[in-house]
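K.L.:
have a look at this prediction, sequence included:
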2 protein chains.
Amino acid sequence: MEHDQIIQLNPVIHAPVRLAVLSVLMTVEEAGFKYLKKVTQTTDGNLSTHLSKLETGGFIKIIKQFKAKKPQTTCSITDKGRKAFIQYIEQMEQIIEKQKKNL
Amino acid sequence: MEHDQIIQLNPVIHAPVRLAVLSVLMTVEEAGFKYLKKVTQTTDGNLSTHLSKLETGGFIKIIKQFKAKKPQTTCSITDKGRKAFIQYIEQMEQIIEKQKKNL
């Protein structure tokens, strides 16, 4: 049923900031915190919270290291994250197709 | 930019329960609270909160009346809600198309 599909969308992926982060990480080996902040147009604190949720879900890896004595945070997508993102896009595509028939 | 589109998705419509409610109301003249609760698989309190957000945004009308001495809540979509829903579906369709190219 089409409404079931909407309700069952993965809530960890569905939030726009997290969806944008994953969409970036699908196309690059890794992305830095500053770049992700620019893309998501959010604050440090808000982005950190969203990244933690993605990490807790096993969808991304967060690497914290020092480069030229400055702390640097980079993120990369995991295999689980990649699969979940693809599944989300496929589910959303089906939802959109059904909705368009009702417009 | 494709990530801008994700971040700019209408947050009132994007939440799955509210998306499911609007998707129902796009196809019927009005829907009762009980039916919407069944569709969204949520609690009375949670559904009420989501319906209030849609009403505050001007996307739906909530009508409370008595039928056979029992209180009855029914909802219908407004013109603004219809336009916003269609815009959301079109935006999401564009997002999905772009994401699919990266899969």
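P.N.:
Arrived safely.
K.L.:
residue A:57: what's its closest spatial neighbour, skipping adjacent residues?
P.N.:
residue A:12 (4.5 Å; C-beta to C-beta, 6 or more residues apart in numbering or on different chains). Placement of C-beta: from N, CA and C, glycine included.
K.L.:
secondary structure class for that neighbour?
P.N.:
Following DSSP: H, G, I helix; E, B strand; the rest coil, residue A:12 is assigned to helix.
K.L.:
next up, the contacts around it.
P.N.:
A:18, A:53-54, A:57, A:59, A:84 (C-beta atoms under 8 Å, 6 or more residues apart in numbering or on different chains).
K.L.:
chain B versus that one, what's the distance?
P.N.:
12 Å (C-beta to the nearest C-beta, to the nearest Å).
K.L.:
one more: residue A:84?
P.N.:
13 Å.
K.L.:
next: residue A:19.
P.N.:
Residue A:19 is 5 Å from chain B, by C-beta to the nearest C-beta.
K.L.:
how many neighbouring residues does that residue have?
P.N.:
Neighbour count for residue A:19, taken as other C-beta atoms under 10 Å in any protein chain shown: 26.
K.L.:
same check on residue A:54?
P.N.:
25.
K.L.:
so it is in which element?
P.N.:
If you go by DSSP states H and E, residue A:54 is part of helix A:44-56.
K.L.:
next secondary structure after that helix?
P.N.:
Counting by DSSP H and E, what follows helix A:44-56 is strand A:60-67.
K.L.:
who does that following strand pair up with?
P.N.:
Neighbouring strands of strand A:60-67 in its sheet, by DSSP bridges, are strand A:70-77 (antiparallel).
K.L.:
and the residue nearest the centre of chain A?
P.N.:
Nearest to the mean C-alpha position of chain A, counting by C-alpha atoms, centre = their mean, stands residue A:22 at 3.0 Å.
K.L.:
thought it was touching residue A:57?
P.N.:
No. Look at residue A:22 against residue A:57 with C-beta atoms under 8 Å: they stay out of range, at 10.5 Å.
K.L.:
before we move on, the earlier item: tally of neighbours for the residue nearest to the residue nearest to the centre of chain A when sequence neighbours are not counted?
P.N.:
Once flanking residues are discounted, residue A:22 sits nearest to residue A:85: 4.8 Å by C-beta to C-beta, 6+ apart. If you count neighbours by other C-beta under 10 Å, residue A:85 ends up with 23.
K.L.:
list the contacts for residue A:85?
P.N.:
Neighbour list for residue A:85: A:13, A:22-23, A:26, A:59, A:77 [criterion: C-beta under 8 Å, 6+ apart].
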